[in-house]
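Colleague: What follows is a protein structure lacking sequence information:
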Ligand code: PMP
């Protein structure tokens with residue numbers, strides 16, 4: 001097919017970043033503000049903008065593109081499935097959907113009876129989680145301050161940030177936000193009317209904040225004692241992000257203690273939209289016939305992307321690679337004069353700066369060809385592809401090493 005023919009059914013002739021940005025502003029709802037750039041191509045950990053500039057993608061589509069961009073195996077798997085059977089209604093099963101569910105349950109070492117529901121996004125996976133909590137017959141949910149679980153109404157009810165919530169109230173009731181990582185507050189709030197404790201082992205959007213040691217195990221004990229569900233949102237932390245398949249398997253994070261309900265999305269399709277909510281053991285049967293549904297969830301192409309993603313991570317040893325690079329990056333960043341703290345595990349890292357200059361430093365990095373996210377006023381978030389190597393990222397560390405605390409003050 002010629003470029004002209006393809007152009008007739010795709011975005012059309014090339015334009016500059018400036019032209020696309022203007023058209024974006026006219027055609028798209030202004031929910032994200034002005035785009036930071038217009039990206040047209042990717043390869044490995046790199047992306048190119050409409051003006052031909054190359055960037056190292058240290059944000060990975062916000063913890064999504066675990067295999068980097070345009071990975072040949074992912075591309076082949078998705079193309080082959082799309083060219084074979086692109087979609088079926090949920091009156092039918094497909095082999096990909098079944099195989100992906102089985103694979104996820106095996107990787108999570110989920111017990112007998114555990115089951116998966118596929119979605120198209122993280123927030124939808126959380127909606128499934130919320131519905132599962134309602135099936136307990138209880139409505140109280142204990143969440144954490146700083147939590148982010150998505151933007152649809154049920155997920156938003158679990159999301160703490162006021163600015164995200166307030167315009168849309170009333171939200172589904174019953175959610176209580178407890179001070180982050182406060183064991184005494186959790187113990188005090190816990191009772192036999194609690195449907196679920198909902199946690200992230202590392203709060204990504206709150207600045208890459210891991211729960212304090214022991215908190216997860218305490219939540220497990222309290223949930224068991226009071227017959228509540230322990231629900232874990234691994235939308236950001238799952239699929240190798242922390243150097244383990246799931247954060248709950250990380251010795252420093254969940255130490256292998258399983259949740260009852262777990263959500264996934266982001267990295268699961270490595271850029272193809274797919275999410276999942278998993279019920280462990282008895283929780284696998286909380287939702288029965290007629291109690292939930294979706295047209296696209298578990299679509300055979302999305303499931304092919306999921307299978308290819310998990311397959312490549314395993315085949316290429318990307319968990320170990322992410323662990324090793326994460327350790328090396330953490331050490332390197334922690335030594336920099338402008339960095340006061342490095343949080344997170346594997347390739348979900350938050351580098352806290354000595355001043356609230358994250359936005360300015362992210363701008364400087366972008367000018368130098370690095371995409372990094374100022375997740376809070378003082379913290380840069382790194383969530384790069386798991387295929388990233390030290391040689392590729394060393395220049396970014398050098399860039400930060402060239403800054404002094406005085407530069408940060410100037411940048412404010
Ligand atoms: N949960 C967590 C922990 C997340 O980080 C996010 C996305 N940042 C979501 C849920 C929502 O996922 P999505 O954007 O795919 O709806």
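Modeller: Everything's here; your move. Since we're looking at a predicted model, the values are computed, not measured.

Colleague: Domain parsing of this structure, as residue ranges.
Modeller: Per automatic domain parsing, the domain ranges recorded for the chain read 36-65+317-411, 76-315.

Colleague: In terms of helices and strands, where is the closest residue to residue 77 other than its chain neighbours?
Modeller: Among residues not flanking residue 77 along the chain, residue 308 sits closest, at 3.6 Å (CB to CB, 6 or more residues apart in numbering). (Each C-beta comes from the backbone N, C-alpha and C, glycine too.) If you go by DSSP states H and E, residue 308 is part of helix 300-315.

Colleague: list the buried ones in that helix?
Modeller: Residues of helix 300-315 classed as buried by neighbour count (16 or more other CB atoms under 10 Å): 300-310, 312-313.

Colleague: ok so, going back, pull the contacting residues for the residue nearest to residue 77.
Modeller: When contacts are counted by CB atoms under 8 Å, 6 or more residues apart in numbering, residue 308 touches 73, 74, 76, 77, 78, 270.

Colleague: Can I take it that the second one is in a helix?
Modeller: It stands for residue 74. Yes - with DSSP: H, G, I helix; E, B strand; the rest coil as the criterion, residue 74 is part of a helix.

Colleague: what's the neighbour count on it?
Modeller: Residues lying near residue 74 (other CB atoms under 10 Å) number 25.

Colleague: same question, the fifth one
Modeller: The local packing count at residue 78 equals 20, with neighbours defined by other CB under 10 Å.

Colleague: Would you mind giving the secondary structure of it?
Modeller: Here residue 78 is helix, with the state taken from three-state DSSP.

Colleague: Please tell me how far it sits from residue 245.
Modeller: 21 Å (CB to CB, to the nearest Å).

Colleague: Might you report the residue contacts of the residue in the stretch 251-400 of the chain that the ligand sits nearest to?
Modeller: Relative to the ligand, the nearest point of the stretch 251-400 of the chain is residue 265 (4.5 Å; CB to the nearest ligand atom). Taking CB under 8 Å, 6+ apart as the criterion, residue 265 is in contact with 119, 121, 122, 124, 125, 235, 274, 275, 276.

Colleague: shaky segments in this protein?
Modeller: For the chain, the stretches with pLDDT under 70 are 411-412.

Colleague: In contact with the residue nearest to the spatial centre of the chain: list those residues for me.
Modeller: With distances taken as CA atoms, centre = their mean, residue 236 lies nearest the centre of the chain, 2.3 Å away. Contacts for residue 236 (CB under 8 Å, 6+ apart) come out as 62, 63, 122, 200, 202, 204, 205, 266, 348, 383.

Colleague: JSON lines please, covering those and showing secondary structure and neighbour count.
Modeller: Output for the contacts of residue 236, formatted as JSON lines (DSSP: H, G, I helix; E, B strand; the rest coil; neighbours: other CB atoms under 10 Å):
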{"residue": "62", "secondary structure": "helix", "neighbour count": "15"}
{"residue": "63", "secondary structure": "helix", "neighbour count": "26"}
{"residue": "122", "secondary structure": "helix", "neighbour count": "31"}
{"residue": "200", "secondary structure": "coil", "neighbour count": "25"}
{"residue": "202", "secondary structure": "strand", "neighbour count": "25"}
{"residue": "204", "secondary structure": "coil", "neighbour count": "24"}
{"residue": "205", "secondary structure": "coil", "neighbour count": "20"}
{"residue": "266", "secondary structure": "helix", "neighbour count": "29"}
{"residue": "348", "secondary structure": "strand", "neighbour count": "25"}
{"residue": "383", "secondary structure": "coil", "neighbour count": "31"}
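
Colleague: I'd like the residues you listed as CSV, with distance to residue 135 appended.
Modeller: Compiled in CSV, those are given as follows (distance: CB to CB, whole Å):
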residue, distance to residue 135
62, 30
63, 29
122, 21
200, 22
202, 28
204, 27
205, 27
266, 26
348, 31
383, 33
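
Colleague: With respect to the ligand, which of those residues is nearest?
Modeller: Of these, the one sitting nearest to the ligand (CB to the nearest ligand atom) turns out to be residue 122, at 2.2 Å.

Colleague: circling back: which two among the buried residues of helix 300-315 are spaced furthest apart?
Modeller: Using CB to CB, the two most remote members of those are 300 and 313, lying 20.4 Å apart.

Colleague: Excluding sequence neighbours, find me the nearest residue to residue 215.
Modeller: Leaving aside its sequence neighbours, residue 215 sits nearest to residue 181 (CB to CB, 6+ apart; 5.4 Å).

Colleague: State the helix or strand in which residue 329 lies.
Modeller: helix 318-334.

Colleague: Quick check: residues of the stretch 1-150 of the chain near the ligand?
Modeller: Contacts of the stretch 1-150 of the chain with the ligand, taken as CB under 6 Å from any ligand atom, map to 62, 121, 122, 123, 126, 148, 149, 150.

Colleague: Buried subset of those residues, written for PyMOL?
Modeller: Here is the PyMOL command that picks out the buried ones among these, judged by 16+ other CB under 10 Å:
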select buried, resi 121+122+123+126+148+149+150
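
Colleague: Quick one: mark the members of the residues of the stretch 1-150 of the chain next to the ligand that sit in strands.
Modeller: Of these, none are assigned to strands by DSSP state E.

Colleague: Dump the residues of the stretch 1-150 of the chain next to the ligand into a markdown table; add distance to residue 367 as well.
Modeller: Below are those laid out as a markdown table (distance: CB to CB, whole Å):
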| residue | distance to residue 367 |
| --- | --- |
| 62 | 21 |
| 121 | 32 |
| 122 | 31 |
| 123 | 33 |
| 126 | 36 |
| 148 | 28 |
| 149 | 34 |
| 150 | 32 |
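
Colleague: what's the closest of the residues of the stretch 1-150 of the chain next to the ligand to the ligand?
Modeller: The closest of those, once distances to the ligand are taken by CB to the nearest ligand atom, is residue 122, at 2.2 Å.

Colleague: Just list the residues touching residue 249, thanks.
Modeller: For residue 249, the contact set (CB under 8 Å, 6+ apart) comprises 108, 256.
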